[in-house]
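*Asks:* Here is a sequence with its predicted model. Questions after.
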Amino acid sequence: MFKRLTLLWTVMRGDARQLWAALRHPAAPGWLKLGTGLIVLYVLSPIDLIPDFIPGIGLLDDMVLVPLAIRFLLNRLPPELAQATSPRRG
């Protein structure tokens, strides 16, 4: 279980960095900025699909939906922007 959470955190951190780089890029499309703003609003909003006060599963929607939404946005980046913002490997 701990290994899965560590892997999820590593992937999420890398995706968040790529999203941040894409947002700062001069060629960033407007829909990317809007989508990122909506993700931030969802995280900060007290209204969730599953209320956070329910033990165990209350935070599950945040742990699942936010990474999926970030990955959704990154998969729709134009190829030249995705290549320019992708993390450099070794």
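*Replies:* Perfect, I can see it now. Numbering: from 1, shown residues only.
*Asks:* contacting residues around residue 49?
*Replies:* Neighbouring residues of residue 49 by Cβ atoms under 8 Å, 6 or more residues apart in numbering: 61, 65. C-betas here are computed from N, CA, C, even on glycine.
*Asks:* Next, find the distance separating the closest residue to residue 17 other than its chain neighbours from residue 70.
*Replies:* Nearest residue to residue 17 in three dimensions, chain neighbours excluded: residue 87, at 6.7 Å (Cβ to Cβ, 6 or more residues apart in numbering). As judged by Cβ to Cβ, to the nearest Å, residue 87 and residue 70 stand 14 Å apart.
*Asks:* Give me the more crowded residue out of the two.
*Replies:* Counted by other Cβ atoms under 10 Å, residue 87 and residue 70 do not tie: residue 70 has more neighbours, with 19 against 9.
*Asks:* all helices of this protein, in order?
*Replies:* 2-24, 30-44, 60-75, 79-85 (DSSP state H).
*Asks:* Make CSV from those helices and add distance to residue 51 and mean pLDDT to it.
*Replies:* As requested, those are arranged in CSV below (distance: least, Cβ to Cβ, whole Å; pLDDT from 0 to 100):
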stretch, distance to residue 51, mean pLDDT
helix 2-24, 22, 78
helix 30-44, 14, 89
helix 60-75, 9, 85
helix 79-85, 35, 86
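*Asks:* just the ones you listed: most buried one?
*Replies:* Among these, the stretch with the highest mean neighbour count (mean count of other Cβ atoms under 10 Å) is helix 60-75, at a mean of 15.
*Asks:* ok, and the closest non-adjacent residue to the residue most central in space within the chain?
*Replies:* Nearest to the mean C-alpha position of the chain, by Cα atoms, centre = their mean, lies residue 70 at 2.8 Å. What sits nearest to residue 70 in space, not counting adjacent residues and going by Cβ to Cβ, 6+ apart, is residue 15, at 4.9 Å.
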